[in-house]
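Participant: Dropping the sequence and predicted coords here.
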Amino acid sequence: MKLVDGKLRVELFSDAVIAIVITIAALEILIPHDGMYRQFIESVLTFAISFFIVAGYWNDHRKLFEQVEEINDRFVFRNTCFLFSLVLIPVFTKWSMESGDKQLPMLAYGVLLMLINATFSGLFMAGISLAKEPVEETFYFKKLYKNRDRVYYLAILLVMGVGYFIPQLALVLFIGLPIISYFLKTNFEGKFEDEQWTKRRRNSRHKHFR
């Protein structure tokens, strides 16, 4: 009971932090004064990037907690590091909104996205070891997740490369990252399910012939 209560408290705390992050990011949207509609549109686009990235990680976080049966100190520490990196989003969002035509904010935003993904990957690796799946499934799951991370980091680096030369274009391309991440995760989860179905079918045939 104590382990269940501890898991619930960490999950509720994480949900509260994520909700506050999205709310603060929304408050940073610049109100259009004196016909400054272009800046307003850019700030809304920047918020959209932050919103869908945070929402995507919240969904991954939810799925991970559904699989974890119990938690330990290592898992709580990794979760805290993930939340810390996520809390930085409103700061970098505001910076990007105020300096949308400069290189450094766009490059810094890309670095932040890699940091967030790295901390979540650390949380995932700590959590999947506590999950319900057998050891052999866990190993395969980790391998697929690492491959997905490589593609995601490559996409961020490409956008950062564009942002070095054309910061405004990088802002638009960053919107595509949540979409890329979504399809990568969907493909990655589909492969895992197909592999497990094939393995179960093979095992079933083996038992039948025995």
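Facilitator: Happy to help now that I have it. Numbering: from 1, shown residues only.

Participant: how near is Ala126 to Ala170?
Facilitator: Distance from Ala126 to Ala170, counting by C-beta to C-beta, to the nearest Å: 32 Å. Every residue, glycine included, has its C-beta placed from N, CA and C.

Participant: Send me stretch 89-96 as CSV with only the CA atoms.
Facilitator: As requested, C-alpha coordinates have been extracted for stretch 89-96 and formatted as CSV (Å, rounded to 0.1, in the frame of the first residue of the first chain):
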residue,chain,number,x,y,z
ILE,A,89,10.1,25.6,-21.3
PRO,A,90,8.2,28.9,-20.4
VAL,A,91,11.5,30.7,-20.0
PHE,A,92,12.8,29.6,-23.3
THR,A,93,9.4,30.2,-24.9
LYS,A,94,9.4,33.8,-23.7
TRP,A,95,13.0,34.3,-25.0
SER,A,96,12.0,32.9,-28.4
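
Participant: Contacts for that stretch, please.
Facilitator: Applying C-beta atoms under 8 Å, 6 or more residues apart in numbering, the external contacts of stretch 89-96 come out as 21, 24-25, 28, 46-47, 49-50, 53-54, 105-106, 108-109, 112, 116, 171.

Participant: go with 7 Å
Facilitator: For stretch 89-96, contacts defined as C-beta atoms under 7 Å, 6 or more residues apart in numbering pick out 21, 24-25, 28, 46-47, 50, 54, 105-106, 108-109, 112.

Participant: Likewise for stretch 52-67?
Facilitator: Defining contact as C-beta under 7 Å, 6+ apart, one finds that stretch 52-67 is touched by 11, 14, 18, 21-22, 86, 89, 113, 116, 120, 124, 127, 131-132, 177-178, 181-182.

Participant: Could you rerun that using 8 Å?
Facilitator: Residues beyond stretch 52-67 that count as contacts (C-beta under 8 Å, 6+ apart) turn out to be 7, 11, 14-15, 18, 21-22, 25, 82, 86, 89, 113, 116, 120, 123-124, 127-128, 131-133, 175, 177-178, 181-182, 185.

Participant: quick one, which of Ala126 and Ala170 is more surrounded?
Facilitator: When Ala126 and Ala170 are compared on other C-beta atoms under 10 Å, the one with more neighbours turns out to be Ala170, at 24 against 19.

Participant: All the helices of the protein, residue numbers only.
Facilitator: For the chain, the helices defined by DSSP state H cover 2-27, 37-67, 73-87, 89-98, 103-128, 135-165, 167-209.

Participant: need the ones you listed in TSV with mean pLDDT, can you?
Facilitator: Compiled in TSV, these are given as follows (pLDDT from 0 to 100):
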stretch	mean pLDDT
helix 2-27	84
helix 37-67	83
helix 73-87	94
helix 89-98	81
helix 103-128	89
helix 135-165	79
helix 167-209	62
